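Asker: Just a sequence and a predicted model for now, questions to come.
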There are 2 protein chains.
Amino acid sequence: MRIGQLAEATGTTTKTLRFYEESGLLPPAERMASGYRDYTDDAVGQVGFIHRGQAAGLTLAQIGQILRIREHGQAPCSHVRDLLGERLRELDAQIAELLALRETISELHAQAAEPEPDTCSADEVCRYI
Amino acid sequence: MRIGQLAEATGTTTKTLRFYEESGLLPPAERMASGYRDYTDDAVGQVGFIHRGQAAGLTLAQIGQILRIREHGQAPCSHVRDLLGERLRELDAQIAELLALRETISELHAQAAEPEPDTCSADEVCRYI
DNA sequence: ATGAACCTTCCAGTACAGTGGAAGGTCAAA
DNA sequence: TTTGACCTTCCACTGTACTGGAAGGTTCAT
């Protein structure tokens, strides 16, 4: 399979696949006589793993860690457990922050929903902020 | 006021203040004979406006837009209203996305909380992802 | 006069996950 | 044979908001 076909099969771009290879997330592909990358069907699953990792909120660096543990012949389960736990805590913090921000903005927006004030004092940029 | 004093008064750094000036968020400061930037007290309020804008979830580019409207002598109220409304919609989408992601990760994490499986098939990287 | 603390400019780098484009090679069909 | 789609490498850039550091000038106290 050539890189364009793999890209189509996995819903990504050739640029991204080369970037993944360069980043150590995909093993360097075999090459055809022409120099074109020649992927086996396994590659679809490998890219799928990367995408599932991303969907689970992991960074490419973290996905790379898991892959490297697996390459060393170990089961990366406990590491994955830790990563997911950590991500969960980060997410909770992030969501709380965003909800607080939403409150702030919601109030500002409600105030700003009033008709254009004729009296915007010249010494402030905007009374709503 | 020199730049270090303004930085302290506004809770930021000299690097950041020079960056704001370069980005057009602060008017170029007057200079002393030595070449040092010389700020008036107004600058504290100007930096405060930037910080309040950031706290309201606006980007520096958006804050710059508001400032430029104000410079043209217009009241930027309706523009601010639009920006806040847009930001609110973005936030809602972002929060929904994060909550969905939290669900996904939570499930994966619960599965991964079981004791280390002895049987991790060799053809998958990690059964939890 | 000398050292510390402050200031100046300029260049470059951070994190993240790619994206854009140039210059050139390969392959199949018309 | 030539056109078009595909592939290769390499380098640089995107956006966001700064941050780090070098090399040098200024101010003030000791």
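Answerer: Received it, and whenever you're ready, just let me know what you need.

Asker: Share the number of residues neighbouring the closest residue to DNA strand C within chain A, please.
Answerer: As assessed by CB to the nearest atom of the strand, DNA strand C sits closest to A:S34 within chain A, at 3.1 Å. For every residue, glycine as well, the C-beta is placed using N, CA and C. Residues near A:S34, counting by other CB atoms under 10 Å in any protein chain shown, number 7.

Asker: Check the one 5 residues further on too.
Answerer: Residues contacting A:Y39 under the criterion other CB under 10 Å number 21.

Asker: Now do it against A:E21, distance only.
Answerer: Distance, A:Y39 to A:E21, by CB to CB, to the nearest Å: 10 Å.

Asker: Need the residues touching each of the two.
Answerer: A:A29 (CB atoms under 8 Å, 6 or more residues apart in numbering or on different chains).

Asker: Could you pull up the contacting residues of the residue of chain A found nearest DNA strand D?
Answerer: Shortest chain A-to-DNA strand D distance, computed as CB to the nearest atom of the strand: residue-wise this is A:G4, at 2.5 Å. Applying CB under 8 Å, 6+ apart, we find A:G4 in contact with A:T14.

Asker: in chain A, which helix has the most residues?
Answerer: Taking DSSP state H as the criterion, chain A has its longest helix at helix A:77-112.

Asker: for it, packing partners?
Answerer: helix A:60-71, helix B:77-112 (3 or more CB pairs under 8 Å, 6 or more residues apart in numbering or on different chains; DSSP states H and E).

Asker: Look up how far A:E90 lies from the residue nearest to A:A55 when sequence neighbours are not counted.
Answerer: For A:A55, ignoring the flanking residues on the chain, the nearest one in space by CB to CB, 6 or more residues apart in numbering or on different chains is B:T104 at 6.8 Å. Distance, B:T104 to A:E90, using CB to CB: 14 Å.

Asker: just A:R31 next, same as before
Answerer: Noted for A:R31: a distance of 40 Å to A:E90, by CB to CB.

Asker: what about the helix or strand where A:Y20 lies, near DNA strand D?
Answerer: Using DSSP states H and E, A:Y20 maps to helix A:14-22. Yes: Helix A:14-22 comes into contact with DNA strand D (CB under 7 Å from any atom of the strand), by way of A:T14, A:R18.
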